[in-house]
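Participant: Got a predicted model here, sequence first, then my questions.
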Amino acid sequence: MKIIWTFTLMMIPGVVSSMSVTGYSGGGVNITCEYDKKYKENTKYFCKGDWLSCIDRIRTDIKDKWFDDGRFSLYDDTRSAVFTVTIRNLTEEDSGTYHCGVDIPTGIDSSTEVKLKISTGQQTRTVRGYSGGNIIINYKYELIHTNHVIDVCKTSSDQCFTVINTNRSTEWKRDRRFSAHDDTSAGLLRLFIRDLNENDSGEYKIIVKVSEDYSFFSEFDLDIKTDDCCVKSISLSASAGGSVNINCKYPQSHSGDVKFVCWRSGADLCAKETPVNESRRWRDEGKIQLYDDREQQLLTGSISHVTEENSEYWCGVQTDQGHKIFITRVLVSVTDTVGPAAGWPVWMGITVACVTFIIIIIIIIVLYKIQKKRINCRSAIDEYENYPRTDPRTDPRTDPRTDPRTDPRTDPRTDPRTDPRTDPRTDPRTDPRTDPSEDTYTSLDLNTRSSDLYDTLTTVHPRPAVHQ
């Protein structure tokens with residue numbers, strides 16, 4: 001098939017070679033065309049269409065200097081005998097056949113055929129960052145490009161100065177404040193810029209060099225701002241294995257974006273990420289719990305099981321295009337002391353505190369009642385001891401006349417119904433057992449008794465009849 005294609009090209013007058021180029025909508029391509037050194041003074045051009053009916057897109061006789069014509073630019077490097085054509089802001093309509101041509105007035109023009117295919121790709125226009133923070137810019141490309149080099153450069157005065165390149169490395173590569181990681185298995189380039197400042201603002205290019213013949217690129221504007229809403233750094237302390245609470249403000253323009261907290265591990269600023277994409281709803285993922293209040297522009301949460309290895313975190317937002325903007329740095333100072341509540345989550349700490357508070361209140365109430373009872377008892381004892389003393393002879397409590405045992409008013413033995421002193425049946429005047437006249441009468445000698453005395457006694461106390 002290759003032999004047939006080469007033979008077909010040889011049959012077309014002026015066409016000496018061909019290449020296939022892939023670009024992405026919104027981005028651009030750089031196409032490099034060689035020519036014979038004897039034509040370095042000739043006019044160069046780039047046209048679209050079949051060779052015999054090709055329509056110019058750009059044509060110039062300017063040497064060693066960029067010439068622009070709309071979205072097309074051409075640079076003729078006479079020393080290397082190559083000229084480069086750049087096409088920006090690609091669309092799917094740009095797909096088709098093109099030719100790099102050298103104008104030869106006295107003969108047939110020399111030409112290189114270019115088959116351009118435009119695929120739908122990621123369009124990055126403006127990326128915003130904040131002074132003192134960091135940013136990760138993600139650039140997606142197709143997996144068909146496996147053997148390539150990626151350069152990142154900043155444009156200034158029609159030149160693009162490289163800030164970092166990957167050199168086909170599969171690991172993170174760092175150059176001062178710039179780091180890059182090319183994940184060829186996922187077709188993803190991650191560009192990390194740390195310690196942002198306003199001088200970093202400007203136009204950047206991510207250039208993927210596929211071969212010596214062409215490369216494709218994406219352009220974006222980096223806008224670095226200073227926002228007073230947000231703290232650049234927070235310092236906290238916690239015992240080893242304990243937990244800390246965090247509060248991170250973010251700009252109002254990012255209220256609708258996904259928020260996250262990242263744990264940094266070495267050069268990887270976001271080794272492990274916990275995102276939250278809903279407002280006013282807790283997100284619990286392992287050792288990190290997050291809550292996003294979009295009305296207050298406040299991200300709160302807690303980090304548990306803190307260790308010295310996990311002592312640096314970042315609060316940030318993620319845009320719709322996947323770019324990560326790191327706003328606030330959280331540094332946790334880890335101590336060696338492990339408290340009894342080490343590793344407890346926030347809700348457990350609050351529960352323990354509430355239960356402890358209730359127990360303390362109950363203990364206070366019980367102690368208060370015991371103390372009050374003791375005071376009442378002591379008052380009663382003091383009142384008894386201080387009661388005024390009285391003469392036993394007059395004290396009704398000691399007066400023998402009021403002794404229940406001798407008081408006829410309280411002596412049960414002096415019940416009027418049984419007391420012989422009050423029983424009418426035992427009236428001394430009628431009871432012969434107690435009648436003194438009886439004794440007197442029986443003691444008299446009948447032979448010697450006086451009639452006068454007898455008459456008196458019998459008159460006052462008649463003697464009852466004696467039955468023989």
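Facilitator: Ah, there it is.
Participant: Show me the strands in the stretch 1-150 of the chain, by range?
Facilitator: Here the stretch 1-150 of the chain has its strands, by DSSP state E, counting those that start in this stretch, at 15-24, 28-34, 44-48, 55-60, 66-69, 72-77, 82-87, 96-102, 110-119, 126-130, 134-140, 149-156.
Participant: what about the closest residue to V102 other than its chain neighbours, how many neighbours?
Facilitator: Nearest non-adjacent residue to V102, counting by Cβ to Cβ, 6 or more residues apart in numbering: S110, 4.3 Å away. In short, each C-beta sits where N, CA and C put it, glycine included. Applying other Cβ atoms under 10 Å, we find 21 other residues in the vicinity of S110.
Participant: cool, L116 as well?
Facilitator: 20.
Participant: got a list of what it touches?
Facilitator: 21, 23, 29, 94-98 (Cβ atoms under 8 Å, 6 or more residues apart in numbering).
Participant: just to revisit the earlier point, mind putting the strands of the stretch 1-150 of the chain into TSV with mean pLDDT and distance to E383?
Facilitator: Shown next, in TSV, are the strands of the stretch 1-150 of the chain (pLDDT from 0 to 100; distance: least, Cβ to Cβ, whole Å):
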stretch	mean pLDDT	distance to E383
strand 15-24	82	101
strand 28-34	95	105
strand 44-48	97	119
strand 55-60	96	117
strand 66-69	94	112
strand 72-77	96	112
strand 82-87	96	110
strand 96-102	96	116
strand 110-119	93	104
strand 126-130	91	79
strand 134-140	90	80
strand 149-156	90	96
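Participant: Next, format those as CSV and append distance to I363.
Facilitator: Listed next are those as CSV, based on distance: least, Cβ to Cβ, whole Å:
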stretch, distance to I363
strand 15-24, 72
strand 28-34, 76
strand 44-48, 90
strand 55-60, 89
strand 66-69, 85
strand 72-77, 84
strand 82-87, 81
strand 96-102, 87
strand 110-119, 74
strand 126-130, 52
strand 134-140, 52
strand 149-156, 67
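Participant: Tell me where the stretch 301-450 of the chain is predicted with low confidence.
Facilitator: When residues are selected by pLDDT under 70, those of the stretch 301-450 of the chain lie in 310, 336-349, 384-385, 387-450.
Participant: rerun that using 50 as the cut-off
Facilitator: 338-343, 437-438, 440-442, 444, 446-450 (pLDDT under 50).
Participant: residues in contact with V208?
Facilitator: Per Cβ under 8 Å, 6+ apart, neighbours of V208: 141, 145, 148-150, 189, 215-217.
Participant: Surely it is within a strand?
Facilitator: Yes - the assignment for V208 by DSSP: H, G, I helix; E, B strand; the rest coil puts it in a strand.
Participant: From Y141, how far off is it?
Facilitator: To Y141, V208 is 6 Å away according to Cβ to Cβ, to the nearest Å.
Participant: any residues in contact with both of these two?
Facilitator: What both V208 and Y141 touch, as defined by Cβ under 8 Å, 6+ apart, is the set 189, 216.
Participant: show me the contacts for the residue nearest the centre of the chain.
Facilitator: Centroid-nearest residue in the chain: G301, 1.8 Å away (criterion: Cα atoms, centre = their mean). Taking Cβ under 8 Å, 6+ apart, we find G301 in contact with 245-246, 261, 288-291.
Participant: nearest spatial neighbour of K115, skipping sequence neighbours?
Facilitator: Using Cβ to Cβ, 6+ apart, the closest residue to K115 is S20 (4.6 Å).
Participant: Equivalent analysis for L191, please.
Facilitator: That would be I137: by Cβ to Cβ, 6+ apart, it lies 4.4 Å from L191.
Participant: Just give me the neighbour total for that neighbour.
Facilitator: By the criterion of other Cβ under 10 Å, I137 has 25 neighbours.
Participant: for H254, same thing?
Facilitator: Burial of H254 is recorded as 18 neighbouring residues (other Cβ under 10 Å).
Participant: Same check on E212?
Facilitator: 9.
Participant: Also D227?
Facilitator: Per other Cβ under 10 Å, the neighbour tally for D227 reads 16.
Participant: Also the one 10 residues further on?
Facilitator: Around S237 sit 12 other residues, with neighbours defined as other Cβ under 10 Å.
Participant: what is the mean pLDDT for the helix or strand that contains it?
Facilitator: Element membership of S237, judged by DSSP states H and E, is strand 233-239. Averaging pLDDT along strand 233-239 gives 89.
Participant: which SS class is the residue nearest to the centre of the chain?
Facilitator: Applying three-state DSSP: G301 is strand.
Participant: what sits opposite it in the beta ladder?
Facilitator: Counting by DSSP bridges, G301 is bridged to I246, L290.
Participant: cool, S237 as well?
Facilitator: Here S237, judged by DSSP bridges, has bridge partners S333.
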